[in-house]
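K.L.:
Any chance you could fold what I've pasted below:
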Amino acid sequence: MADRSMFRRRDPFWEVDGPAARRENRTRRMRSTAAFFFALTACAMTAFAWAIQVGVASAFGIGASLPF
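P.N.:
Next up is the predicted model:
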């Protein structure tokens, strides 16, 4: 089994797999990275909306209000 720890990220069977498997691996990695950043952005936007709703944002000088 390939060692996929944080510091040894190289797959020892990378050259044996073939171009289609390498392309699939790159595509999967790109999708997972994009999904992570979209989720992180959604969490940040939710926290910002919560801060506006509760009134914490106005304490920091952010004069915004939500339409609901």
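
K.L.:
State the helix or strand in which the residue in the chain sticking out farthest from the centre lies.
P.N.:
Distance from the C-alpha centroid of the chain peaks at residue 16, with 29.7 Å (C-alpha atoms, centre = their mean). Following DSSP states H and E, one finds residue 16 within helix 14-17.

K.L.:
Quick check: mean pLDDT of the helix or strand that that helix is followed by?
P.N.:
Per DSSP H and E, the first helix or strand lying C-terminal to helix 14-17 is helix 19-54. The average pLDDT within helix 19-54 is 92.

K.L.:
who does helix 19-54 touch, helix- and strand-wise?
P.N.:
Applying 3 or more C-beta pairs under 8 Å, 6 or more residues apart in numbering; DSSP states H and E, one finds that helix 19-54 contacts helix 56-59. Yep, even glycine has a C-beta here, placed from its N, CA and C like the rest.

K.L.:
got a list of contacts for the helix it packs on?
P.N.:
The contact list for helix 56-59, computed with C-beta atoms under 8 Å, 6 or more residues apart in numbering, reads 48, 50, 51, 52, 64.

K.L.:
which of the residues in that helix are buried?
P.N.:
Buried residues in helix 56-59, counted by 16 or more other C-beta atoms under 10 Å: residue 57.

K.L.:
what does stretch 42-61 give?
P.N.:
51, 52, 57.

K.L.:
could you dump those to a markdown table with distance to residue 32?
P.N.:
Converted to a markdown table, these look like this (distance: C-beta to C-beta, whole Å):
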| residue | distance to residue 32 |
| --- | --- |
| 51 | 29 |
| 52 | 31 |
| 57 | 32 |
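
K.L.:
Residue 23 versus the residue most central in space within the chain, what's the distance?
P.N.:
Centroid-nearest residue in the chain, with C-alpha atoms, centre = their mean: residue 36, separated by 1.8 Å. Per C-beta to C-beta, to the nearest Å, residue 36 is found 20 Å from residue 23.
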